[in-house]
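Engineer: Generate a structure from the sequence data that follows.
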Amino acid sequence: MQKKEISEYILDQYRGVVAVDAWGEQSFFYNPDRRLPRGVYFATLKDKDGDNDKGSNLSREGVLRFNFGISKSSYEEALGKRPARPAAGGVVNTGHNFTELNTLLPHPVYAWMSWVCVLNPDKAMIQELEPLLNESYDLVVKKYAKRIKS
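Structural biologist: As a prediction, this is how the structure comes out:
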C-alpha cells in the first residue's frame, strides 16, 4: 500500500483521528474535539530516516514505516519481552531485522513503549493488524479522556 492509501484507511476507519505533517512524518492524533494542541498520538507514517531513527533504513527507494502503540500485554504476546530504552540515536536490542518488509516488528526506537511497526504493509497485513489497531485506538481514546479531564 502507498502512504496515501494507509493514511486514508486510518482517517476513514478511526473517528476523531486527525493527520498532521510534522517532524518529517505524517502523524495521526486522536483529537476529536480539538481540545488539545495536537491530541494523543495514535500512529505515524515515516518514509525517511531521522537523526535518531535510522534502524529501518528508510532511505531505500519506496520504503515507508507504519508505526503505532499497543498494550504491553499485546506487545509481549506478539513480539516477546519489551526491550530496554536505547541510548539516544540507538536501536532497541530485540534481535529483529528492522529492515524486513511487510512483517510486524518492534519499533526500532520506541519498542520499550510498546510501539510496533510494519515496513511497506500490504492490504492483507493491514487487515491482519486490525485487532491491534483497534486496541491502539481504544488506548488513545482513554488517554484523551484523561487528559481533557485534567
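
Engineer: Around the nearest residue to Glu25 once chain neighbours are set aside, how many other residues sit close by?
Structural biologist: In space, and not counting its chain neighbours, Glu25 is closest to Lys46: 4.1 Å by C-beta to C-beta, 6 or more residues apart in numbering. To be clear about C-beta, it is placed using only N, CA and C from the backbone, and glycine gets the same treatment. Lys46: 22 surrounding residues under other C-beta atoms under 10 Å.

Engineer: check contacts around Lys46.
Structural biologist: By C-beta atoms under 8 Å, 6 or more residues apart in numbering, the residues touching Lys46 are Gly24, Glu25, Gln26, Asp53, Leu58, Leu64, Arg65, Asn67.

Engineer: Chain neighbours aside, what residue packs nearest to Ala45?
Structural biologist: Careful, residue 45 is Leu; it's not Ala. Gln26 (4.4 Å).

Engineer: Helices of this structure, start to end?
Structural biologist: In the chain, the helices defined using DSSP state H lie at 3-13, 72-79, 123-149.

Engineer: nearest to Ala111, of those?
Structural biologist: The closest of the helices of the chain to Ala111 is helix 72-79. By C-beta to C-beta, the value is 7.6 Å.

Engineer: Grab the CA positions of the closest one and hand them over as CSV.
Structural biologist: The C-alpha coordinates for helix 72-79 follow below in CSV (Å, rounded to 0.1, in the frame of the first residue of the first chain):
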residue,chain,number,x,y,z
LYS,A,72,2.3,-4.1,27.0
SER,A,73,0.5,-7.5,27.1
SER,A,74,-0.3,-7.4,23.3
TYR,A,75,3.2,-6.4,22.5
GLU,A,76,4.7,-9.2,24.6
GLU,A,77,2.3,-11.8,23.1
ALA,A,78,3.2,-10.8,19.6
LEU,A,79,6.9,-10.0,19.9
